[in-house]
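From the sequence below, what's the structure:
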Amino acid sequence: MESRLQRFELQSIARSILPTSRTAKCLRIRAYDSDVQVWKSKAHGTASYKGLQTCSSVWACPVCSAKIAERRRVELIDAMEMHKAQGGTVSLLTLTTPHQRGDVLVELLAQQGKALQSFLRDRKVRAVFAEMGYLGQVRALEVTHGRKSAKNNGWHPHFHILQFHQVKGSEADRKDWTARLYLRWVAYCEKAGLGTPSYAHGIKLDDGMKAAQYVTKWGLEDEMTKGHTKKGKAGGESPFDLLRAVLADRTDRQAAALFKEFAQGFKGKQQLSWSRGLKARFMVDEKTDEELSQEKDDRATLLGLLTVDQWRDVLKVDGRGVLLDIAAKGGWHNVQRYLWLIEGAREGVTIDPEILIEARQLLTGVCHG
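Presented below is the predicted three-dimensional model:
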């Protein structure tokens with residue numbers, strides 16, 4: 001619930017940066033005049049809303065992305081387990097390109113996309129894949145920004161490609177495959193105007209164990225390891241790190257501008273791209289992000305309903321996450337006490353934030369009084 005509370009806070013930050021987007025309305029406006037419902041999961045002990053519109057944005061929305069990414073993670077785990085049971089193996093191919101502080105993200109993405117498509121169609125690349133006993137792949141696009149690093153190289157988009165294949169290969173085989181793939185990657189990066197990626201940073205082919213570790217962590221809420229949501233390393237910031245920066249310092253206009261550029265550049269892009277026939281091979285259902293974001297927990301129970309006025313009060317004090325926290329830990333009777341406390345917001349009364357913090361602690365059982 002602590003992670004969920006922060007995601008609601010970050011969603012409010014995203015709303016302030018993208019005021020006309022669907023994310024700005026996500027989990028704020030009722031769906032078709034439905035009642036605002038609060039449910040509690042029997043399996044996880046967490047609380048959630050029903051009866052509200054969702055944006056289903058895996059890129060811009062911290063709330064929807066967590067739910068979608070977790071379900072995508074499960075799809076990948078199931079596919080890998082079935083592949084392993086059939087005697088197959090996996091590798092994680094990472095491809096990156098040179099990048100500079102002055103790069104425009106949408107232009108960089110277009111150049112990289114052009115290079116990748118040419119690379120994957122290349123005859124010599126396909127020959128390497130054939131030696132690996134290639135069956136298919138799942139591609140993910142990840143990006144960080146280096147504004148806080150010693151050498152700010154701006155946006156750093158890169159591809160993670162999970163390869164499903166039948167030949168494990170020796171360490172010598174892996175080095176040979178990497179070297180041959182690198183030569184073709186360089187050729188298409190240069191042709192696309194991206195410059196020459198180094199061998200040390202431009203390509204990496206990890207063995208099955210490292211690939212499995214990467215995917216196992218994919219989308220876990222506590223770790224926030226899904227590309228744009230995780231916490232960056234070595235001075236790099238993920239897009240959701242930029243939201244955290246604005247949450248910590250509302251005057252950080254650079255972080256806000258960069259997140260807006262990210263959201264616009266990634267809008268409409270797929271989170272994961274499965275090669276043709278791979279989902280069918282591993283019996284993975286074809287579900288859209290919207291379908292996943294709206295899936296219901298069959299093991300959840302209804303705690304209660306909120307009136308229109310009560311929901312307006314919650315929005316007035318930006319208390320969506322706090323209310324869920326109280327519902328999960330303190331029960332519905334404490335939710336009703338919280339709603340009584342914030343009722344004054346309806347009449348324009350300013351409620352001291354410190355009082356709300358103390359109320360949350362009291363009503364969730366964090367402190368006693």
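
Please enumerate residues in contact with stretch 143-161?
Identification of contacts with stretch 143-161 by Cβ atoms under 8 Å, 6 or more residues apart in numbering yields 92-97, 99-103, 105, 108-109, 112, 116, 137-142, 214, 227-228, 232, 234-239, 242, 254, 258, 262, 266. Every C-beta, even on glycine, is put in place using the N, C-alpha and C of the backbone.

could you flag which of those residues are buried?
Among the contacts of stretch 143-161, those classed as buried by 16 or more other Cβ atoms under 10 Å are 92-97, 99, 103, 105, 108-109, 112, 116, 137-142, 214, 227-228, 232, 236-239, 242, 258, 262, 266.

what mean pLDDT does the host helix or strand of Phe129 have?
Phe129 belongs to helix 123-131 when elements are defined using DSSP states H and E. Averaging pLDDT along helix 123-131 yields 97.

Can you show me the helices along the stretch 1-150 of the chain?
2-17, 62-85, 105-121, 123-131 (DSSP state H, counting those that start in this stretch).

swap in the stretch 201-350 of the chain?
Shown for the stretch 201-350 of the chain, the helices assigned by DSSP H, counting those that start in this stretch span residues 208-216, 239-248, 253-266, 278-281, 289-293, 308-316, 320-330, 332-341.

List the buried residues for the second one?
I take that to be helix 239-248. Buried-residue list, helix 239-248, by 16+ other Cβ under 10 Å: Pro239, Phe240, Asp241, Leu242, Leu243, Arg244, Ala245, Val246.

would you list those in JSON lines and tack on distance to Arg276?
Below are these laid out as JSON lines (distance: Cβ to Cβ, whole Å):
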{"residue": "Pro239", "distance to Arg276": "29"}
{"residue": "Phe240", "distance to Arg276": "31"}
{"residue": "Asp241", "distance to Arg276": "34"}
{"residue": "Leu242", "distance to Arg276": "35"}
{"residue": "Leu243", "distance to Arg276": "35"}
{"residue": "Arg244", "distance to Arg276": "38"}
{"residue": "Ala245", "distance to Arg276": "40"}
{"residue": "Val246", "distance to Arg276": "40"}
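
Dump those residues to CSV, plus distance to Pro197 and pLDDT.
As requested, the buried residues of helix 239-248 are exported to CSV (distance: Cβ to Cβ, whole Å; pLDDT from 0 to 100):
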residue, distance to Pro197, pLDDT
Pro239, 23, 94
Phe240, 26, 93
Asp241, 24, 94
Leu242, 25, 96
Leu243, 29, 96
Arg244, 30, 95
Ala245, 28, 95
Val246, 32, 97
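
Any regions of the stretch 201-350 of the chain where pLDDT drops low?
Counting by pLDDT under 70, the stretch 201-350 of the chain has low-confidence residues at 208-235, 345-346.

who are the neighbours in contact with Gly330?
Taking Cβ under 8 Å, 6+ apart, one finds Leu363, Thr364, Gly365 in contact with Gly330.

how about the helices of the stretch 1-150 of the chain, which one is nearest Gly321?
Evaluated over these, closeness to Gly321 peaks at helix 2-17, with 3.2 Å, by Cβ to Cβ.
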